[in-house]
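**Student:** Fold the following and give me the result.
(2 chains)
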Amino acid sequence: MERAELAEVVRSRIAQVVGVPVDEIGEGTDLRDEYEMDSLELMEIGTRLENTLGTRISADDLLEMRNVGHCIDLLHRRVQERV
Amino acid sequence: MNAGAGVNRRVRVAVTGLGVKTPAGTHVKQFADTLAEGRSTAATVAEFVDLGLPVTFACRVPEFDPTDYVSLRELRQLDRAAFLAVAAAADAVTDARLERPAVPERVGVTVGIGAGGLTPAELLVQEYGDRPATVPAYTVPRIMANAAAARISLRIGARGSALSYVMACASGATAIGEAMLKIRSGELDVVVAGGTEACVSPVAVSSFARMGAMSRRNDDPAAACRPFDTGRDGFVMGEGAAFLVLERWEHAEARGARVIAELRGYGSNSDAHHIVAPRSDGAVAAACMRLALADAELAPAEIGHVNAHGTGTLYNDLAEARAIVACFGADGPPVTAPKGVLGHSLGAAGAVEAVATLLSAVSGTVPPVANFTTGDGDTALIDVVAGRARQVAPQPALTNSFGFGGHNVSLVFAPC
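**Tutor:** Here you go, the predicted structure:
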């Protein structure tokens, strides 16, 4: 999966959980700072991405990410590793 | 025993706020007006027709904008029963002007819920039954039966105890009665008390239909729920939530709150007879009404009207009519039964009808029973309000809630 395609998937799943239009979620969006996201919501984003991408996402990966762009980079690496 | 025995009887409990999300309306005035018209809110549910269910209609809460109450983000974490509860409780708290309680430790929450997580569980199994490992991370907080109580406590910042009562169709009334005891005992100054349920779902409706408890009048839903009428053939599924702000009288006075009515009496007992059928002579239900009257320090003749549980099932209505005659005598007060309009919202019903009862106690307007024309046997022995609302003097009123399992609860409200 190309990074651009993956970015769309990630942004849309985050937007679903946060309950905002996908346009509001940019690569620079910091979910903890801007949306006060808690760990349960983070896990929910992880669950949705796992179901869509068919790949395991570890809790550590989720807790590590700083912003949305960082999350996309990380998942892109994981998806490539799998290939 | 008398539910209020042994505690300080000088403590009076004021109702200072109301909130409703029901098939008859999503705010209090609309709710009272629809009840006074006595027209059923039941309608066909397309999904039930498509699935070929034995019962294809229900009473549902009209749509309203959820973002008036919660963000879309929070809405995704809420099952429907919890959402309706949060909305109705928020309305009640706003009505009471208690959005920011001064001493949150003295504010509690009590919630009656019957089926609890049944409907979210149904949806969950439908979607993830064949791949359980992929369930949403929100599954537990959505499905837990105490979600409504917890969400309300979070929403209003109540730090007193937040309790959930599971008493089938007597749950909502129990939550209100138990809240009163907590105020009388001195534990709490304010309790946001009520009930919620959202069981208009294929499995829930089919489960009750299997028992033979539901009306099969699929070709005429609006005529289906007919409490105490000779043509009744079962209850109609409803849904909704209602909450009352209950307050220690002096606490309400001290902050200059408007007191809508007084909660005066609570009776609670058990048939110990059958897991779902009521005792046909209504003797224990009659004893429950007497407990509530004794707790309210009122004689039967001082009650202006009775809000019956009146589900529209053959056996409930027979047993309840006998119980009302046993408690109030042959010349008892007028009897109304709002399930003809609202359907049966199970664990919420006792709270929804507590609101109906206290509004009628205050206004003296007793709504007619939808679809009632003629009684039969024992149901003809009670004075069912038929056709149009009846005007009586504002005076205390008693409401009954009876649950599967033999749970009986009666509450008494009085104008002030």
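**Student:** Any stretches of the chain with poor pLDDT?
**Tutor:** No chain was given, so I picked chain A. Along chain A, segments meeting pLDDT under 70 span A:83.
**Student:** my bad, chain B
**Tutor:** For chain B, the ranges with pLDDT under 70 are B:1-9.
**Student:** from chain A, which residue is nearest to chain B?
**Tutor:** Per Cβ to the nearest Cβ, A:Gly19 is where chain A lies closest to chain B, at 3.1 Å. Glycine gets a C-beta too; all of them are placed from N, C-alpha and C.
**Student:** unless I'm mixing things up, that residue is touching B:Val70, no?
**Tutor:** No. Look at A:Gly19 against B:Val70 with Cβ atoms under 8 Å: they stay out of range, at 9.4 Å.
**Student:** show me what contacts the residue of chain A closest to chain B?
**Tutor:** B:Ser71, B:Leu72, B:Arg73, B:Glu74, B:Leu75, B:Arg76 (Cβ atoms under 8 Å, 6 or more residues apart in numbering or on different chains).
**Student:** tell me which of these is nearest to B:Ala380?
**Tutor:** Distance to B:Ala380 across these (Cβ to Cβ) is lowest for B:Leu75, with 47.7 Å.
**Student:** what sits against the nearest residue to that closest one once chain neighbours are set aside?
**Tutor:** What sits nearest to B:Leu75 in space, not counting adjacent residues and going by Cβ to Cβ, 6 or more residues apart in numbering or on different chains, is B:Pro66, at 5.3 Å. Remark: with contacts taken as Cβ under 8 Å, 6+ apart, B:Pro66 is in contact with B:Leu72, B:Leu75, B:Phe83, B:Ala87.
**Student:** Spit out the contact partners of the second one.
**Tutor:** Taking Cβ under 8 Å, 6+ apart, we find B:Leu75 in contact with A:Gly19, B:Pro66, B:Thr67, B:Phe83.
**Student:** circling back to that earlier point, in helices, which of the contacts of A:Gly19 fall?
**Tutor:** Of the positions in these, B:Leu72, B:Arg73, B:Glu74, B:Leu75 sit in helices, assigned by DSSP state H.
**Student:** tell me which residues in the helix or strand containing B:Ala286 are buried?
**Tutor:** Per DSSP states H and E, B:Ala286 falls inside helix B:283-296. Within helix B:283-296, the residues scored as buried using 16 or more other Cβ atoms under 10 Å in any protein chain shown are B:284-296.
**Student:** and if you look at stretch B:369-379?
**Tutor:** Residues of stretch B:369-379 classed as buried: B:Val369, B:Ala370, B:Asn371, B:Phe372, B:Gly375, B:Asp378, B:Thr379 (neighbour count, 16+ other Cβ under 10 Å).
**Student:** what's the fourth one sitting at in phi/psi?
**Tutor:** In this entry, B:Phe372 is assigned phi and psi values of phi -80, psi 130 (degrees, to the nearest 10).
**Student:** What are the boundaries of the helices in the stretch 251-400 of chain B?
**Tutor:** In the stretch 251-400 of chain B, the helices defined using DSSP state H, counting those that start in this stretch lie at B:283-296, B:314-328, B:339-342, B:349-363.
**Student:** before we move on, what about chain A?
**Tutor:** Using DSSP H, helices in chain A cover A:3-18, A:31-35, A:39-53, A:59-64, A:68-82.
**Student:** Tell me, how many residues neighbour the residue nearest to B:Gly177 when sequence neighbours are not counted?
**Tutor:** Counting by Cβ to Cβ, 6+ apart, B:Gly177 lies nearest to B:Tyr266, which is 3.5 Å off, once chain neighbours are set aside. Residues lying near B:Tyr266 (other Cβ atoms under 10 Å in any protein chain shown) number 27.
**Student:** give me the beta-bridge partners of B:Tyr266?
**Tutor:** For B:Tyr266, the beta-bridge partners are B:Leu411 (DSSP bridges).
**Student:** coming back round to it: kindly indicate which of the buried residues of stretch B:369-379 lies nearest B:Gly340.
**Tutor:** Closest to B:Gly340, out of all of the buried residues of stretch B:369-379 and judged by Cβ to Cβ, is B:Ala370, at 3.1 Å.
**Student:** For chain A, see how far away the nearest residue to the closest one once chain neighbours are set aside is.
**Tutor:** Closest residue in space to B:Ala370, ignoring its immediate chain neighbours: B:Gly340 at 3.1 Å, by Cβ to Cβ, 6+ apart. Distance, B:Gly340 to chain A, using Cβ to the nearest Cβ, to the nearest Å: 38 Å.
**Student:** quick one on the thing from earlier: what's the most distant pair in the buried residues of stretch B:369-379?
**Tutor:** Farthest pair in the buried residues of stretch B:369-379 (Cβ to Cβ) is B:Ala370 and B:Asp378. Separation: 20.2 Å.
**Student:** Would you mind confirming that A:Met43 makes contact with A:Ser58?
**Tutor:** No. Counting by Cβ under 8 Å, A:Met43 sits too far from A:Ser58 to count as a contact (11.1 Å).
**Student:** The two - which one has more neighbours?
**Tutor:** Set A:Met43 next to A:Ser58 and count neighbours by other Cβ under 10 Å: A:Met43 wins out with 18 against 10.
**Student:** and chain A, which of its residues are near chain B?
**Tutor:** Chain A comes close to chain B at residues A:16-20, A:35, A:40-41, A:43-44, A:46-48, A:50-51, as judged by Cβ under 8 Å from any Cβ of the partner chain.
**Student:** can you pick the most crowded of those residues?
**Tutor:** Neighbours here mean other Cβ under 10 Å. Within those, the largest count is held by A:Val17, at 27 neighbours.
**Student:** Assess the claim that that residue and B:Arg73 are in contact.
**Tutor:** Yes. Here A:Val17 reaches B:Arg73: they are 7.0 Å apart, a contact under Cβ under 8 Å.
**Student:** Quickly list what's touching both of those two.
**Tutor:** Shared contacts of A:Val17 and B:Arg73 (Cβ under 8 Å, 6+ apart): A:Glu41.
**Student:** tell me the contacts of B:Ala386?
**Tutor:** B:Pro368, B:Val369, B:Phe372, B:Thr373.
**Student:** ok, the buried residues of stretch B:369-379 vs B:Gly116, which is closest?
**Tutor:** B:Ala370 (28.3 Å).
**Student:** For B:Ser201, list the residues it contacts.
**Tutor:** B:Leu118, B:Thr119, B:Glu122, B:Leu123.
**Student:** Report the separation between the closest residue to B:Asp229 other than its chain neighbours and B:Val111.
**Tutor:** Excluding the flanking residues, the one nearest B:Asp229 by Cβ to Cβ, 6+ apart is B:Phe372, at 4.7 Å. Distance of B:Phe372 to B:Val111, given as Cβ to Cβ, to the nearest Å: 31 Å.
**Student:** do B:Thr357 as well
**Tutor:** Where B:Val111 is concerned, B:Thr357 sits at a distance of 19 Å (Cβ to Cβ).
**Student:** Which strand or helix spans the residue in the stretch 201-350 of chain B that chain A sits nearest to?
**Tutor:** Of all residues in the stretch 201-350 of chain B, B:Ala241 sits closest to chain A, at 21.8 Å by Cβ to the nearest Cβ. Per DSSP H and E: B:Ala241 is located in strand B:239-248.
**Student:** The residue most central in space within chain A: what's it in contact with?
**Tutor:** The centre of chain A sits closest to A:Val10, judged by Cα atoms, centre = their mean, with a distance of 4.6 Å. A:Val10 makes contacts with A:Leu49, A:Val68, A:Cys71, A:Ile72, A:Leu75, as judged by Cβ under 8 Å, 6+ apart.
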